[in-house]
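Participant: Pasting a predicted model and its sequence here:
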Amino acid sequence: MDAPASENSNDRHIDARALRFAMIFPVLLCLGLVGGGLLVAGRLPAGAVLPTGGGVLPLPAFLAVAVAVTLGLGAGIGFFGARTTLPRNLRRILLGTAMALQLASTTVFSAALLGQSGLGGAAPVRLDGYVVMMGCGLAAAMGVVLALTFKPDEQWTGADDEALAELLEIEADPTVANDRLVYAIHPRSSVVIMILLAGILPGGVLTVVSPWLLLALALAAGLVVALLSATVHVDRQRLVVKLAGVVPVIAMACTDVEAAVSLDIKARDYGGWGLRKHSGSESFLAFSGAAVVLRDVRGRVVLGAPNLDTADDLAAILNRRAGKRPGQH
């Protein structure tokens, strides 16, 4: 019994969302860097010189060094920023530093590839100074933004335990005369930033091929965020989910609801993120966490919520209105 208890204690020392961001984001940067390197490979038949100088390395070796440095700076420093045992402000600084350094690393290695390939008719140089200045400036800015906006909280706290206890004690409130609730669901800020940067940064590198690639990738990233966002509207008669707050994708009458319960769920257990419809089941989830699982005359419907309190409110409204015709209280 001692070993499992120790393992659970260690798990609580890691902020899972911050750790996922710290591990996945540098991997995406490295994929973009390798992709850009392959695009200019034809102009570097002998290989490339590292930004620090030295002899010419074959392109695969150059890219391997670039990936190792970027992953080491991003994931290595970011891992410590995900540890909840460290002071809050230190975690902010560590994650901001990891963001700035991994972006700067990607910029410097990209500048070496672009400078030595001589794209655009410029004379080949070891390092493209304009790319370094613009990219490192963006890297520093993004590091500061992340350090200021990151909320270093544990993923599960005592407040969540209280919310779960309240979930088990939900009862109808007969004093409610006009049930109505509207809220928005969207991916967590770290996921939104990751999606946007995964589109914009590779697009910035690919502008040497065509400026339209940056626009196309930026629009694609924005579309992905929109497809993972929705608004939920419920009143005494109907429940409607609108994709990106505009297109209705799930709609039902409250009289068709048989029961509803708010839960803390994992998105993969219900088909994944975004809109899912399969075999009588429908779901819209932007992340793992608070959600309402309800049963109606057609099957099962699962809707995400910003937090368990909102999920509790939605479940309570649906349970109060379940099976009641207009005019009933």
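Facilitator: In hand now; what should we look at?
Participant: so L243 bridges to which residues?
Facilitator: For L243, the beta-bridge partners are A230, V247 (DSSP bridges).
Participant: My guess is it contacts V249. True?
Facilitator: Yes - using Cβ atoms under 8 Å, L243 is in contact with V249, at 4.8 Å. C-beta: built from backbone N, CA, C; applies to glycine.
Participant: Looking at those two, which is more packed in?
Facilitator: Between L243 and V249, L243 has the larger neighbour count (other Cβ atoms under 10 Å), namely 18 against 15.
Participant: Which stretches in the protein count as strands?
Facilitator: Along the chain, the segments classed as strands by DSSP state E run 48-49, 56-57, 181-185, 230-234, 238-243, 247-253, 257-265, 274-278, 281-285, 289-296, 300-304.
Participant: between these, which gets nearest to A18?
Facilitator: Taking Cβ to Cβ, strand 289-296 is the member of these nearest to A18, at 14.9 Å.
Participant: and that closest one with strand 230-234, angle?
Facilitator: Angle between the axes of strand 289-296 and strand 230-234 is 50 degrees (criterion: axes from the mean of the first three to the mean of the last three Cα atoms, to 10 degrees).
Participant: Run me through the strand neighbours of strand 289-296, direction for each.
Facilitator: The strands beside strand 289-296 in its sheet (DSSP bridges) come out as strand 257-265 (antiparallel), strand 300-304 (antiparallel).
Participant: Pull up the overlap in contacts between L243 and V249.
Facilitator: A230, L275, F284 (Cβ atoms under 8 Å, 6 or more residues apart in numbering).
Participant: which of those lies closest to V257?
Facilitator: F284 (16.1 Å).
Participant: how about the closest one, what does it touch?
Facilitator: When contacts are counted by Cβ under 8 Å, 6+ apart, F284 touches I185, A230, V241, L243, V249, I250, G274, L275, R276, V302, L303, G304.
Participant: which of the shared contacts of L243 and V249 lies closest to G42?
Facilitator: Closest to G42 out of these is L275 (41.6 Å), distances taken as Cβ to Cβ.
Participant: any idea how far I24 is from the closest one?
Facilitator: Distance of L275 to I24, computed by Cβ to Cβ, to the nearest Å: 23 Å.
Participant: Residue nearest the middle of this structure, spatially speaking?
Facilitator: V191 (1.2 Å; Cα atoms, centre = their mean).
Participant: Need phi/psi at the closest residue to that residue other than its chain neighbours.
Facilitator: Nearest-residue entry for V191: F287, 6.9 Å, with adjacent residues in sequence omitted and distances by Cβ to Cβ, 6 or more residues apart in numbering. Backbone torsions of F287, given as degrees, to the nearest 10, read phi -170, psi 170.
Participant: What number of residues are in the vicinity of G129?
Facilitator: G129 is flanked by 10 other residues according to other Cβ under 10 Å.
Participant: ok, now V144?
Facilitator: 13.
Participant: Nearest residue to it in space, ignoring adjacent ones along the chain?
Facilitator: In this structure, V144 finds its nearest non-sequential neighbour in G96, 6.3 Å apart by Cβ to Cβ, 6+ apart.
Participant: what separates that neighbour from A316, distance-wise?
Facilitator: Noted for G96: a distance of 40 Å to A316, by Cβ to Cβ.
Participant: the more surrounded of the two?
Facilitator: Each of G96 and A316 has its neighbours counted (other Cβ under 10 Å); G96 has more, 23 against 20.
Participant: List the contacts of that one.
Facilitator: So G96 contacts G143, V144, V145, L146, A147, L148, F150 (Cβ under 8 Å, 6+ apart).
Participant: and what of A111?
Facilitator: Shown in contact with A111 (Cβ under 8 Å, 6+ apart): P51, L127, D128, G129, V131, V132, G135.
Participant: what's the neighbour count on the closest residue to G118 other than its chain neighbours?
Facilitator: Take G118 and drop its neighbours on the chain: the residue closest to it by Cβ to Cβ, 6+ apart is P124, 4.1 Å away. By the measure other Cβ under 10 Å, the count of residues near P124 is 13.
Participant: residues near R88, how many?
Facilitator: Neighbour count for R88, taken as other Cβ under 10 Å: 12.
Participant: likewise G76?
Facilitator: Around G76 there are 14 residues (other Cβ under 10 Å).
Participant: Can you get me a residue count around R20?
Facilitator: Neighbour tally, R20, other Cβ under 10 Å: 15.
Participant: Repeat that for the one 3 residues further on.
Facilitator: A count of nearby residues for M23, using other Cβ under 10 Å, gives 15.
Participant: can you pull the contacts of the closest residue to it other than its chain neighbours?
Facilitator: Distance criterion Cβ to Cβ, 6+ apart; nearest residue to M23, sequence neighbours excluded, is A75 at 5.3 Å. Contacts here follow Cβ under 8 Å, 6+ apart; on that basis A75 touches A22, M23, P26, V27, A98.
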